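Asker: A predicted structure for the sequence below; I have some questions about it.
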Amino acid sequence: MRRFFSPSLTSQAPLRILCDAFCVFGPLTPAAHVRCHALFYIGIALTGRGPAFIFQGIACMKEKNPREQLAAFMSKHSPKIMRLANAVIRKMHALVPGATELVYDNYNALVIAFGPGERASEAVFSIALYPRWVNLFFAHGRNVPDPHGLLQGSGKSVRHIVLHDACDLDDPRVRRLMATALRQASVPIDPSARRRLVIRSISAAQRPRRARV
């Protein structure tokens, strides 16, 4: 038994078969299998149910790329919200080229911030997915002139617009607000930069992502 579950990468083939048999998301990477070994020994020591620990940990140990992770976060929402959010993200790519996207799967909502880099404090916009709608947030919206009264909120800095359709981003008034926010940004977003997606945080406890019927 000890030899069968040796943490050596050269002798982990039997465990690889066991892990992949349990894994519904596909084969694991070698690094993830090392963690499988660790969980197995911890499980045996604490509960005597090592294989159960492996089974329960497979999903989170699977090393997905950021796009796959974001898709998994979004899949918790209703098809309607997923379609709206995907359409909004595509438009944001066109409206804010070169932005780094920071993803926060928070307790209250799934948030995707758009900024010049990985510093959250420099983000200019963000979108947040809620059970019934999607919001476009302006990080410093209080300082953005809003002659048509589109921006909602009363906080110290952040303002938002509720997006009922991705076409709301085509409204010339919204476009002017966004253009002003980009000009006012303390650190400008380089439109020629390569777009990046970074997963920043995942909350273990989360509010329901789908509206109650």
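Answerer: Everything's here; your move. Numbers count the residues shown, from 1 in each chain.

Asker: Is H160 part of a helix or strand, or is it coil?
Answerer: H160 falls in the strand class when you classify it by DSSP: H, G, I helix; E, B strand; the rest coil.

Asker: Spit out the contact partners of it.
Answerer: N135, L136, F137, F138, G141, L151, Q152, G153 (CB atoms under 8 Å, 6 or more residues apart in numbering). C-beta coordinates here come from the backbone N, C-alpha and C atoms, glycine included.

Asker: Give me the distance between it and E122.
Answerer: 18 Å (CB to CB, to the nearest Å).

Asker: And for Q206?
Answerer: Remark: distance between Q206 and E122 (CB to CB) = 26 Å.

Asker: Buried only: go through the contacts of H160 for me.
Answerer: N135, L136, F137, F138, G141, L151 (16 or more other CB atoms under 10 Å).

Asker: and the fourth one, what are its bridge partners?
Answerer: I take that to be F138. F125, R159 (DSSP bridges).

Asker: Renumber starting at 57 from here on
Answerer: Will do, 57 is the new start, and the previous item becomes F194.

Asker: Could you report the pLDDT at it?
Answerer: pLDDT, F194: 98.

Asker: Equivalent analysis for A101, please.
Answerer: pLDDT for A101: 53.

Asker: If you count surrounding residues, which of Q262 and E178 has more?
Answerer: The neighbour count for Q262 versus E178, taken as other CB atoms under 10 Å, is higher for E178 (18 against 15).

Asker: pretty sure the more buried one is touching S242, no?
Answerer: Yes: the pair E178 and S242 passes the contact test of CB atoms under 8 Å, sitting 6.7 Å apart.

Asker: The residue nearest in space to the middle of the chain and E174, how far apart?
Answerer: Geometric centre of the chain, nearest residue: V159, 3.7 Å, by CA atoms, centre = their mean. According to CB to CB, V159 stands 11 Å off from E174.

Asker: you'd agree the residue nearest to the centre of the chain is in a strand?
Answerer: Yes: judged by three-state DSSP, V159 forms part of a strand.

Asker: Can you list phi and psi of the closest residue to it other than its chain neighbours for me?
Answerer: Nearest residue to V159, sequence neighbours excluded (CB to CB, 6 or more residues apart in numbering): I255, at 4.9 Å. Taking degrees, to the nearest 10, you get phi -90, psi 110 for the backbone angles of I255.

Asker: For I255, give me its contacts.
Answerer: P122, Q125, L126, V159, D161.

Asker: Could you rerun that using 6 Å?
Answerer: Neighbouring residues of I255 by CB atoms under 6 Å, 6 or more residues apart in numbering: P122, Q125, V159.

Asker: Make CSV from the residues you listed and add distance to H149 and pLDDT to it.
Answerer: CSV is the format used below for these (distance: CB to CB, whole Å; pLDDT from 0 to 100):
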residue, distance to H149, pLDDT
P122, 15, 95
Q125, 18, 96
V159, 14, 98
